[in-house]
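Novice: Compute the structure for the input listed below.
(one chain, ligands or ions: 1)
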Amino acid sequence: MLHIRDLVVTYGAATALDGVSLDVEAGEMVALVGPNGAGKTTTLNAVSGLVPTASGTIDIGGRSAQVPEGRQMFADMSVDDNLRLGAWTMPRRDRDTERVYAVMPDLRPLRRQRAGLLSGGQQQMVAIGRALMAQPDVLLIDELSLGLAPLIAARLIEHLREINREDGTTILLVEQEVDLAFDLCSRAYVLEAGRVVAEGPTDVLSADPQLAAIYLGAAMTRDGSESP
Ligand SMILES: Nc1ncnc2c1ncn2[C@@H]1O[C@H](COP(=O)(O)OP(=O)(O)OP(=O)(O)O)[C@@H](O)[C@H]1O
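Specialist: Predicted coordinates for the structure are as follows:
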């Protein structure tokens with residue numbers, strides 16, 4: 001579904017991605033993890049066409065939609081109108097927000113609320129819902145749990161599981177909380193300094209003590225500080 005080969009992205013003189021290759025098959029949920037500045041957001045932005053690529057190829061076998069870091073709500077607009085914005089390029093008949101409420105019923109009672117008044121977790125649900133309105137084959141999610149309480153983040157993971165199960169939506173998840181990402185995803189890529197340094201089934205990766213010590217533990221706490 002998504003095939004990236006030897007991708008290089010530069011920002012001026014700085015190389016953010018230095019030959020990244022990754023594959024996400026249809027219906028798969030794959031995690032992209034790694035320390036701050038590894039190039040995770042750049043990878044998603046390159047797939048979405050938000051940053052130019054210097055070389056390499058990106059093949060998507062369908063439509064992609066990105067849930068950006070920081071949610072980016074239109075605070076004065078209702079939940080329903082925020083959702084509809086995700087489908088602005090679609091025919092009018094495809095702008096029905098019911099599809100989102102069906103997979104995230106927690107949002108339904110909030111549909112007329114101003115998005116700016118929602119909690120962080122609710123806003124993240126709207127951000128996911130807005131991306132779903134574009135009926136993507138591949139959902140690219142940047143920092144799902146950032147700033148959220150663990151229970152709320154776990155609830156969002158359940159929603160993603162449901163979205164994947166219901167629609168077969170393929171998911172590429174960038175997430176600092178490795179446990180959370182590995183709970184959802186069966187495979188992962190570990191990025192460091194613009195390169196893939198490890199990849200494989202998440203149960204194998206998390207059982208690798210060297211990898212855990214270097215990439216999946218100390219370097220990966222939510223606030224970027226070292227864990228004990
Ligand atoms: N707009 C930009 N201009 C210049 N350099 C950038 C820009 N965006 C990112 N970078 C640099 O590119 C590298 C990769 O950044 P990126 O945001 O993709 O990493 P990340 O893995 O998503 O990090 P984080 O976990 O901190 O969000 C970093 O060195 C970063 O400083």
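Novice: Get me the contact residues on the protein for the ligand.
Specialist: Contact residues, the chain versus the ligand (Cβ under 6 Å from any ligand atom): 11, 14, 16, 34, 36-42. Placement of C-beta: from N, CA and C, glycine included.
Novice: list the contacts for the residue nearest in space to the middle of the chain?
Specialist: Nearest residue to the geometric centre of the chain (Cα atoms, centre = their mean): Ile141, 1.3 Å. Contact analysis of Ile141 by Cβ atoms under 8 Å, 6 or more residues apart in numbering lists 66-67, 128, 131, 160, 171-175.
Novice: Just the buried residues of the lengthiest helix in the chain, please?
Specialist: Counting by DSSP state H, the longest helix found in the chain is helix 150-167. Using 16 or more other Cβ atoms under 10 Å as the burial criterion, the residues of helix 150-167 that qualify are 152-153, 155-157, 159-160, 163-164, 167.
Novice: and if you look at stretch 65-80?
Specialist: Neighbour-count burial for stretch 65-80 flags 65-69, 71, 73, 78-80 (criterion: 16+ other Cβ under 10 Å).
Novice: How far off centre is it?
Specialist: Taking Cα atoms, centre = their mean, to the nearest Å, the mean C-alpha location of stretch 65-80 is offset from the chain mean by 14 Å.
Novice: before we move on, what about stretch 102-109?
Specialist: With Cα atoms, centre = their mean, you get 20 Å for stretch 102-109.
Novice: just to revisit the earlier point, please render the buried residues of helix 150-167 as CSV that adds pLDDT to the earlier fields.
Specialist: Putting those into CSV (pLDDT from 0 to 100) gives the following:
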residue, pLDDT
Ile152, 87
Ala153, 90
Arg155, 89
Leu156, 89
Ile157, 93
His159, 89
Leu160, 92
Ile163, 90
Asn164, 94
Asp167, 86
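Novice: Please work out the average pLDDT along stretch 174-182.
Specialist: The predicted model gives stretch 174-182 an average pLDDT of 91.
Novice: Which among the contacts of Ile141 count as buried?
Specialist: 66-67, 128, 131, 160, 171-175.
Novice: can you give me the strands in the protein?
Specialist: Listed from the start of the chain, the chain has strands (DSSP state E) covering 2-11, 14-24, 29-33, 55-60, 64-67, 138-142, 170-174, 187-192, 195-201.
Novice: Now distance to Arg99 too, for those strands, in a markdown table please.
Specialist: Formatted as a markdown table, the strands of the chain follow (distance: least, Cβ to Cβ, whole Å):
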| stretch | distance to Arg99 |
| --- | --- |
| strand 2-11 | 22 |
| strand 14-24 | 22 |
| strand 29-33 | 19 |
| strand 55-60 | 21 |
| strand 64-67 | 13 |
| strand 138-142 | 13 |
| strand 170-174 | 17 |
| strand 187-192 | 27 |
| strand 195-201 | 31 |
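Novice: I'd assumed Ala149 was in contact with Gly121.
Specialist: Yes - under the contact definition of Cβ atoms under 8 Å, Gly121 touches Ala149, with a separation of 7.4 Å.
Novice: When the two are compared, which one has more neighbours?
Specialist: Set Gly121 next to Ala149 and count neighbours by other Cβ atoms under 10 Å: Gly121 wins out with 17 against 12.
Novice: who touches that one in this structure?
Specialist: Counting by Cβ under 8 Å, 6+ apart, Gly121 makes contact with 148-149, 152-153, 155-156.
Novice: again, but for Thr97
Specialist: Thr97 is in contact with 80, 83-84, 111, 129, 133, counting by Cβ under 8 Å, 6+ apart.
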